[in-house]
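1. sharing a model that was predicted from the sequence below.
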Amino acid sequence: MQTCWLLSLSIVAVPFVFPFLWMIASSFKNAAEVLGSTSLIPETIRWTNYVEVFEYQPFARQYFNSLYIAVLVSAGTLVISSLAGYALARMRFAGAGLLMLFLVSALMVPEEVTIIPNFFLFGWLDLMDTHWPLVLLPVFGSHGVMATFLMRQYFLAIPKELEEAGKMDGLSRLGIWWKIALPMSRPALAAVTIITFLFSWNLFLEPLVFLSSREMFTLPLALNNFTDAYGAPLWHLQLAATSLAVVPVLVVYILAQRQIMESFALSGVKG
């Protein structure tokens, strides 16, 4: 029975794994062989594709741009969402339910609807062609709201007796959040960090709108710029660059997929 189950899963996994294997294999082919050959294995392995990726445009700088922006967005979202989530879960104040309703409603607004007002806002702030919009919009936008909701649901599951014990020890609200709530919500914190990092890493629309110089580009824009003089894609370079860009995403998923699933499962325990 177990053998049949594993065989069935392997067959189902083929459509998902094959495109990835094709991408890796094709990243070692020349431009003509990528679309002109049906063989998965390249005739001649071209390691130089990975060298040309860095020579064609400032790919190392663009890679670093995506990396540090994703780290800043993850850290900012983690702080803001955990503070807001704790306040909505544990502090009673007038309009708390209405505020939560407004926040959840923000999830229903597509980013394409708000991109034009945000364009004029950051233009007025003289922040065009900078990375500030790519940091601030995910932290305070709909993705930050989703992270806040996730943290709120997790904080609701923490026993109130622990907070009361902290108050008896003289802890303030901020102290309880820091010393009790955060240490007990590590799965949720890990999930928020991972999901936010991946969201920022794959962001395309905002960089396309707010950035104009190649040195400021992030990876999604950089991958779109491996073209020849006529605008045709250089597939061998695009696939090599994409293979490099996928590495952090794979590492994150492999190391922390359990925390993501556990956090989403526990977010509905109490509400």
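-> Alright, I've got the coordinates.

2. tell me, how many residues neighbour the nearest residue to residue 218 once chain neighbours are set aside?
-> Using Cβ to Cβ, 6 or more residues apart in numbering and skipping the chain neighbours, the partner closest in space to residue 218 is residue 66 (4.4 Å). For glycine as for every other residue, the C-beta is placed from the backbone atoms N, C-alpha and C. By the criterion of other Cβ atoms under 10 Å, residue 66 has 24 neighbours.

3. SS state for residue 66?
-> Classification of residue 66 by DSSP: H, G, I helix; E, B strand; the rest coil places it in helix.

4. is it true that it touches residue 198?
-> No. The pair residue 66 / residue 198 is not scored as a contact, 11.4 Å apart, by Cβ atoms under 8 Å.

5. now the strand or helix carrying residue 255: average pLDDT?
-> Per DSSP states H and E: residue 255 is located in helix 235-266. For helix 235-266, mean pLDDT rounds to 77.

6. likewise for stretch 105-118?
-> 85.

7. which residues touch that stretch?
-> 133, 137, 141-142, 145-146, 149, 205-206, 209 (Cβ atoms under 8 Å, 6 or more residues apart in numbering).

8. let's go with 7 Å and repeat that
-> Outside stretch 105-118, the residues within contact range by Cβ atoms under 7 Å, 6 or more residues apart in numbering are 133, 137, 142, 145-146, 205, 209.

9. buried subset of those?
-> Neighbour-count burial (16 or more other Cβ atoms under 10 Å) is assigned, among these, to 133, 137, 142, 145-146.

10. what's near enough to touch the residue nearest to residue 52 when sequence neighbours are not counted?
-> Using Cβ to Cβ, 6+ apart and skipping the chain neighbours, the partner closest in space to residue 52 is residue 237 (5.9 Å). Contacts of residue 237 were listed using Cβ under 7 Å, 6+ apart, and they are 49, 52-53, 56, 226.

11. give me the distance between residue 237 and residue 56.
-> 6 Å (Cβ to Cβ, to the nearest Å).

12. what do the two both touch?
-> residue 226.

13. count residues in the vicinity of residue 7, would you?
-> 10.

14. what's the pLDDT at it?
-> 83.

15. in helices, which of the buried ones among the contacts of stretch 105-118 fall?
-> Of these, the ones assigned to helices by DSSP state H are 133, 137, 142, 145-146.

16. picking up where we left off before, and the contacts of residue 237, which of them are buried?
-> 49, 52-53, 226.

17. can you add distance to residue 87 and give those residues back as JSON lines?
-> Compiled in JSON lines, the buried ones among the contacts of residue 237 are given as follows (distance: Cβ to Cβ, whole Å):
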{"residue": "49", "distance to residue 87": "51"}
{"residue": "52", "distance to residue 87": "51"}
{"residue": "53", "distance to residue 87": "46"}
{"residue": "226", "distance to residue 87": "46"}
